[in-house]
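A.B. asks: Kindly return the folded structure for what I paste below:
(one chain, ligands or ions: 2)
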Amino acid sequence: MPSILKECHVTPREIFLNRRRFIQGGVSAALAMTALSGARHAVADDRAWSGTPVLREKLSTLSPAWERDDRVTPPQYHREYANFYEFGPNKDDPWERAGQLTVEPWKVRVDGLVDKPGDYWFDDLIREAALEERIYRFRCVEAWSMVVPWVGISLASVIKRLQPHSDARYVAFETAVKRDEMPGVSRALVRIDWPYREGLRMDEALHPLALLAVGAYGEPLYKANGAPIRLVVPWKYGFKSIKSIVRIHFTREQPETTWNTLAPDEYGFYANVNPEVDHPRWSQRTERRIPGGGFLGLSREETLPFNGYAEQVAGLYAGMDLRRWY
Ligand SMILES: Nc1nc2c(c(=O)[nH]1)N[C@H]1C(S)=C(S)[C@@H](COP(=O)(O)O)O[C@H]1N2
Ligand SMILES: [Mo]
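C.D. replies: Ligands and ions are numbered 1, 2, ... in the order given. Purely as a prediction, here's the structure:
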C-alpha cells in the first residue's frame, strides 16, 4: 500500500497465479520437486493449522454451505494471495513464509476499561461461543476483492462476556510480534511501527456482522490468513481486519491504527468501503474480483457502498460526512 511498494501491488494476479500453477502443474517441475520434496513437504504442512481440540470439535458439528455457493472464491486464491506485512510486502509472502509461525499455545491479553481483564487462552475465548459460517464479500483498499466463507464467533458475544465499562468507546486490537518467525517485522521494509494495530468504535464492534474468525472454508484458518484468530469487518476495507490477534484493549480515546498512522491522507480510521471516495492514487469505483472473469481475468465489478452491507450498517454513520470521515 505505501507508494514505495506500488510495483508489487500492481503486479497483475494473473502473472502471480499463473506462475504458481505453472510451477505446480508442469511435468519437469514435478520432477524437480521430487528432489526437494523432503524439505518442501514440511513447509507445506506448516501452512495449515490443524486447530485446537476445542476448535476441531466445534468445526465437526458445523455443516458448511460454501461448497454449494458458486460466488465463493476458491480456497487456494484466498490462501496464496494475501496481505500480511509481518511476512513481507508481496502478496505471496504470507503463503511462502507464514508456515513457521507458531500458533499454539496462543494467548490474548484483554485490558483497559473492562471488568474481566486478563490473559485468555484461545480455547477459553471460543469455548462458550457459537461457531458460525459467514460468507462475506471482502474488499481490499487496493481494489481487489474475494468472497470468503469465514468460520468464527461474533465479536459482540466476546465483548459482552468481557464486560467493558460504559466509558469504553473504542476497542483496539494488536497482532503478535514474533521476530524470529516474522521476516517482515525484522527486515522493516515498510516503516510500520509494530505491532500492527487496528480499532473500531464500540458500536461498530458490537454490530452483528463483525466477526472474530478462527477458520475459513470449513477448516481452521491458514497461517497466511491470520491464524489462530483474526477480525473480519466486511463493510470496511480489508486492512481493518487485523490478523493473529494477541491483544484486545478497551479505551476512551480513538486508538492509533497502523495504516492511518503511516499515511493518514490515504487510509482513514473508519475505512468504510465507499465507491464515492477515491484513494489519492487510484479509483475506488470498481474492483477486481479474484479470480477474475473476462479477458485475462481483468473484468471489473462495481464497488458497492459499505461493500454491499449498507442496509445493515449505514445507520452507524447517520449524520457523518463520509468524505471527511473516510
Ligand atoms: N497483522 C496484519 N493484519 C492484516 C494485514 C497485515 O499486513 N498485518 N493486512 C490487512 C489487509 S491490507 C488485508 S487486505 C487483509 C487480507 O486478509 P486475507 O488474507 O484474509 O485476504 O488482512 C489485513 N490484516
Ligand atoms: Mo488490504
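A.B. asks: what does the stretch 101-250 of the chain have sitting close to ligand 2?
C.D. replies: Proximity of the stretch 101-250 of the chain to ligand 2, by CB under 5 Å from the ion, involves residues 140, 238, 239. Heads up, the C-betas are built off the backbone N, CA and C, glycines and all.
A.B. asks: Can you give me the pLDDT of the first one?
C.D. replies: The confidence metric pLDDT takes the value 98 at residue 140.
A.B. asks: need the strands for this structure, in chain order.
C.D. replies: 107-112, 118-121, 132-139, 144-154, 170-175, 197-201, 211-216, 219-220, 230-232, 245-251, 286-289, 301-302 (DSSP state E).
A.B. asks: still on that earlier bit, in TSV, list the residues of the stretch 101-250 of the chain next to ligand 2 along with neighbour count and distance to residue 74.
C.D. replies: Shown next, in TSV, are those (neighbours: other CB atoms under 10 Å; distance: CB to CB, whole Å):
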residue	neighbour count	distance to residue 74
140	21	17
238	21	18
239	21	23
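A.B. asks: Out of those, which is nearest to residue 292?
C.D. replies: Using CB to CB, residue 140 is the member of those that sits closest to residue 292, with 13.9 Å.
A.B. asks: Quick check: which of the strands of the chain is nearest to residue 262?
C.D. replies: Here strand 197-201 is closest among those (CB to CB), at 10.7 Å.
A.B. asks: and the closest one, how far out from the chain's middle?
C.D. replies: 13 Å (CA atoms, centre = their mean, to the nearest Å).
A.B. asks: Please identify the pairing partners of it and their relative orientation?
C.D. replies: strand 170-175 (antiparallel) (DSSP bridges).
A.B. asks: how about the residues of the stretch 1-150 of the chain near ligand 1?
C.D. replies: When proximity is defined as CB under 6 Å from any ligand atom, the stretch 1-150 of the chain approaches ligand 1 at 78, 82, 83, 84, 85, 86, 140.
A.B. asks: Quick check: pLDDT value at the spatially closest residue to the fifth one that is not a sequence neighbour.
C.D. replies: Just to be clear, that refers to residue 85. Once flanking residues are discounted, residue 85 sits nearest to residue 184: 5.2 Å by CB to CB, 6 or more residues apart in numbering. Residue 184 carries a pLDDT score of 95 in this model.
A.B. asks: ok, how many other residues are close to residue 143?
C.D. replies: 18 (other CB atoms under 10 Å).
A.B. asks: If you could redo that for residue 287, that was the one I meant.
C.D. replies: Count around residue 287 with other CB under 10 Å applied: 24.
A.B. asks: where's it relative to residue 299, distance?
C.D. replies: Distance, residue 287 to residue 299, by CB to CB, to the nearest Å: 11 Å.
A.B. asks: Enumerate the beta-bridge partners assigned to residue 211.
C.D. replies: So, taking DSSP bridges as the rule, residue 211 has residue 154, residue 232 as bridge partners.
A.B. asks: ok, whichever residue of the chain sits closest to ligand 1 - contacts?
C.D. replies: Relative to ligand 1, the nearest point of the chain is residue 238 (2.7 Å; CB to the nearest ligand atom). By CB atoms under 8 Å, 6 or more residues apart in numbering, the contact set of residue 238 is 83, 138, 139, 140, 141.
A.B. asks: again with residue 135
C.D. replies: 65, 66, 69, 71, 72, 147, 148, 149, 150.
A.B. asks: hang on, the earlier thing: nearest to residue 213, of the residues of the stretch 1-150 of the chain next to ligand 1?
C.D. replies: residue 78 (11.6 Å).
A.B. asks: separation between the closest one and residue 114?
C.D. replies: Going from residue 78 to residue 114 by CB to CB gives 33 Å.
A.B. asks: And residue 260, by the same measure?
C.D. replies: 23 Å.
A.B. asks: circling back: biggest separation within the contacts of residue 135, which pair?
C.D. replies: Most distant of the contacts of residue 135, by CB to CB, are 71 and 150, 14.1 Å apart.
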